[in-house]
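Participant: Got a predicted structure here, sequence first:
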Amino acid sequence: MKLGIVGLPNVGKSTLFNAITKAGAESANYPFCTIEPNVGVVSVPDKRLDALMELYNSKKKVYTAVEFYDIAGLVKGASKGEGLGNKFLSHIREVEAVVHVVRCFKDENIVHVSGEVDPIEDIKTINLELILADLEVLERRMEKGVRGAKAGEKKAKEEYTLMEKMKAHLESEKPLRTMEVTPEEEESIRNMFLITTKDVLYVANISEADLIAGGSNEMVEQVREFAAAEGSGLVTICARLEEELSGLEDDEKLEMLNEYGLSETGLDKLIHESYRLLGLMSFLTAGPQEIRAWTIKIGTRAQDAAGKIHSDIQRGFIRAEIIDFKDLMACGSESAAKEKGLFRLEGKDYIMRDGDVVHFRFNV
């Protein structure tokens, strides 16, 4: 899963990204690796893997992972080349969802790019740049498609009519993710790879004082209302605290979280909410050699899930032997679970569930 972090200067974007990369560096099983200077990879927290590793006495465990892209160059006028200009466009088109960091605290020592902290205006500034970037791409596509539409080609005409609808929506300064579409139109739009079609998770960056006082404030509530209106997600974090936490050992981290009355880090919250927003879940494979989590879309069939591991397993799929993680742990061993008849044999059209522990049978 690839997530792109955007935000105006001095909103806490870089602080959050530094916390993410440090957190990744602390991970023994999925070490942080720098693919480019602006990309960090961290493992998705999943306590089920620890339990399975103990149960199977496995040699290795492999978490599923998230790539975070720190997308620079987003300032007013970015779509026209201000800041780092078009460089950000190539990066943001590659991600599956956008993590939009918004500053929701006042601090005289931290200058705001526009001189005043106003999270809704900040959101609108960046949204407008992304809308303008999409408009430019869409208009070029329309120029190429107009000939086929005028010639009466049915498919070209339908696509051109859809693009006219999209253009009008963008010109009203609304992102394409808020446009009502049919399933057929949604499929066509997805193939255009436009930025404002992507899901957005707003991250309200608050001060430590606000965190202690309950984790919200008036500005956060404004962002929450804005996010809800467009069907986007919201996570509230304190980026400064996240950076402190990322440099601590596990026991020290837990102690600090307890001091703030928190049950998990902001990074964990961000990952879990991203999964929810994108409709993702994990199934698990387990054995003496390796314990591993695999990310799939909710609603994925067993045969397609097998393809996540290897295309040969998908092609030669025979059946899936499945047990629910909780049932397996309650039995204490695979053999005990089999004696109780808790392992199920499922066919290729079985819809996978979160926490399924699976062994795929196949033949190629």
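Facilitator: Structure's in. What do you need? Residues are numbered from 1 along each chain as shown.
Participant: Please tell me the pLDDT value assigned to residue 23.
Facilitator: You'll see residue 23 listed with a pLDDT of 53.
Participant: what's the answer for the one 3 residues further on, then?
Facilitator: Taken from the predicted model, the pLDDT recorded for residue 26 is 34.
Participant: Pretty sure residue 359 is one of the things residue 319 touches, is it not?
Facilitator: No. Residue 319 lies out of contact with residue 359 (CB atoms under 8 Å); the separation is 9.5 Å. Where you see a C-beta, it was placed from the backbone N, CA and C, and this is true even at glycine.
Participant: So for these two, which residue has more residues nearby?
Facilitator: Per other CB atoms under 10 Å, whichever of residue 319 and residue 359 has more neighbours is residue 319, with 17 against 14.
Participant: Check the gap between the more buried one and residue 310 for me.
Facilitator: Distance, residue 319 to residue 310, using CB to CB, to the nearest Å: 16 Å.
Participant: same check, this time on residue 270
Facilitator: 30 Å.
Participant: same question, residue 273
Facilitator: As defined by CB to CB, residue 273 lies at a distance of 30 Å from residue 310.
Participant: So those two - more neighbours on which side?
Facilitator: Neighbour comparison, residue 273 and residue 310: the larger count goes to residue 273, with 17 against 13 (by other CB under 10 Å).
Participant: Tell me who's in contact with that one.
Facilitator: 201, 233-235 (CB atoms under 8 Å, 6 or more residues apart in numbering).
Participant: Retrieve the pLDDT associated with it.
Facilitator: Reading off the model, residue 273 has pLDDT 90.
Participant: in which helix or strand would I find residue 135?
Facilitator: Using DSSP states H and E, residue 135 maps to helix 119-150.
Participant: could you point out which element follows that helix?
Facilitator: Next along from helix 119-150, by DSSP H and E: helix 154-171.
Participant: on contacts alone, who are the packing partners of the helix or strand hosting residue 292?
Facilitator: Assigned by DSSP H and E, residue 292 falls within strand 291-297. Counting contacts by 3 or more CB pairs under 8 Å, 6 or more residues apart in numbering; DSSP states H and E, strand 291-297 packs against helix 47-56, strand 61-62, strand 280-286, helix 302-309.
Participant: let's see it at 10 Å
Facilitator: helix 47-56, strand 61-62, strand 65-70, helix 266-278, strand 280-286, helix 302-309, strand 356-362 (3 or more CB pairs under 10 Å, 6 or more residues apart in numbering; DSSP states H and E).
Participant: Just give me the lowest mean pLDDT stretch among those.
Facilitator: Comparing the helices and strands packed on strand 291-297 on mean pLDDT, the least confident stretch is strand 65-70, scoring a mean of 85.
Participant: for it, packing partners?
Facilitator: strand 2-6, helix 13-26, strand 39-43, helix 87-92, strand 97-103, helix 266-278, strand 291-297.
Participant: check contacts around the spatially most central residue of the chain.
Facilitator: The residue lying closest to the centre of the chain (CA atoms, centre = their mean) is residue 274, at 4.0 Å. Residue 274 makes contact with 1, 3, 44, 66, 68, 96-97, 99, 199, 201, 233, 235, 280, according to CB atoms under 10 Å, 6 or more residues apart in numbering.
Participant: between the residues you listed, which has the most around it?
Facilitator: Busiest of the contacts of residue 274 [other CB under 10 Å] is residue 99, holding 28 neighbours.
Participant: so that one makes contact with residue 235?
Facilitator: Yes. Between residue 99 and residue 235 there is a contact under CB atoms under 10 Å: 8.6 Å.
Participant: Please identify every residue contacting each of the two.
Facilitator: Common neighbours of residue 99 and residue 235 (CB under 10 Å, 6+ apart) are 201-203, 270, 273-274, 277.
Participant: export those to CSV and tack on distance to residue 333?
Facilitator: Converted to CSV, the shared contacts of residue 99 and residue 235 look like this (distance: CB to CB, whole Å):
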residue, distance to residue 333
201, 39
202, 45
203, 42
270, 36
273, 35
274, 34
277, 37
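Participant: Name whatever forms a beta bridge with residue 43.
Facilitator: On the basis of DSSP bridges, residue 43 is bridged to residue 65.
Participant: my read: it touches residue 67, true?
Facilitator: No. Between residue 43 and residue 67 there is no contact under CB under 10 Å: 11.3 Å.
Participant: The two: which has the busier surroundings?
Facilitator: For residue 43 versus residue 67, neighbours defined as other CB under 10 Å are more numerous around residue 43 (22 against 17).
Participant: Distance-wise, check the more buried one relative to residue 161.
Facilitator: From residue 43 to residue 161 the distance is 45 Å (CB to CB).
Participant: One more: residue 364?
Facilitator: In terms of CB to CB, residue 364 sits 45 Å off from residue 161.
Participant: and what of residue 322?
Facilitator: Counting by CB to CB - residue 322 and residue 161 are separated by 45 Å.
Participant: higher neighbour count, the two?
Facilitator: Neighbour count, other CB under 10 Å: between residue 322 and residue 161, residue 322 has more, with 20 against 12.
Participant: That one pairs with what?
Facilitator: Going by DSSP bridges, residue 322 forms beta bridges with residue 344, residue 358.
Participant: Just to check, it is in contact with residue 306?
Facilitator: No. Applying CB under 10 Å, one finds residue 322 not in contact with residue 306, separated by 11.6 Å.
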